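A.B. asks: this one's sequence-less:
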């Protein structure tokens, strides 16, 4: 359990360092419309990612990288390649972990908190989160991104994820960055690169 908890805490970050302005009600409606239209077209997604872990006591951010694959309705695989091999797959209510060849499995459905986290993670990739009653949501815009900020309402969930921030490409309406606030000084940021939408993704990508 400690390993999965650590992974999930590394998954996002909260406050953006970029200047942000609050969206107007009209801008929010248009933004949600565009993202929902874009996400409805996403059947599969593959992308490289780079994760930056910032901790106040370290002089340099910890950088890891790998590949992510998504297939509707709810199959999601994260594979860390550098500097270590670690993968986690969310599939059919199961969480499958492969830590350098050491495999384990968790039933997300039997744990209310992890079931919500699973839904959050899939939603963060597909962009289908705006109608979720589990979060208090606010909307912002920066020079480069449209931004949705999510605060979990459930106290148990806030032990793992205090605040999520999704940054969307203004043209495509897809998620470009995912952030999580861990404390006043520590945070994690994941940046997607080389994104490919709706190409064939074999089911083997979600075996662990």
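C.D. replies: It's in. These numbers come from a predicted model, not from an experiment.
A.B. asks: in the chain, what residue sits furthest out from the centroid?
C.D. replies: In the chain, counting by C-alpha atoms, centre = their mean, residue 26 sits farthest out from the average C-alpha position, at 26.1 Å.
A.B. asks: Doesn't it lie inside a helix?
C.D. replies: Yes. Assessed with DSSP: H, G, I helix; E, B strand; the rest coil, residue 26 lies in a helix.
A.B. asks: how about low-confidence regions in this protein?
C.D. replies: Low-confidence segments of the chain, defined by pLDDT under 70: 1-19, 111, 113-114, 117-118, 121, 124, 126-127, 183-184.
A.B. asks: Which residue ranges of it form helices?
C.D. replies: Counting by DSSP state H, the chain has these helices, from start to end: 2-9, 25-40, 112-126, 155-158.
A.B. asks: just checking, what packs against the second one?
C.D. replies: In other words, helix 25-40. Applying 3 or more C-beta pairs under 8 Å, 6 or more residues apart in numbering; DSSP states H and E, one finds that helix 25-40 contacts strand 135-141, strand 145-152. Where C-beta positions appear, they are placed from N, C-alpha and C, glycine not excepted.
A.B. asks: Need these in TSV (columns: mean neighbour count and distance to residue 205).
C.D. replies: Below are the helices and strands packed on helix 25-40 laid out as TSV (neighbours: other C-beta atoms under 10 Å; distance: least, C-beta to C-beta, whole Å):
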stretch	mean neighbour count	distance to residue 205
strand 135-141	18	29
strand 145-152	22	27
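A.B. asks: Tell me which of those sits nearest to residue 112.
C.D. replies: Residue 112 sits nearest to strand 145-152 of all the helices and strands packed on helix 25-40, at 12.4 Å, using C-beta to C-beta.
A.B. asks: Show me how far the closest one is from its chain's centre.
C.D. replies: Counting by C-alpha atoms, centre = their mean, to the nearest Å, strand 145-152 is centred 11 Å from the centre of its parent chain.
A.B. asks: That strand: partners in the sheet, and parallel or antiparallel?
C.D. replies: Using DSSP bridges, strand 145-152 pairs in its sheet with strand 135-141 (antiparallel), strand 164-169 (antiparallel).
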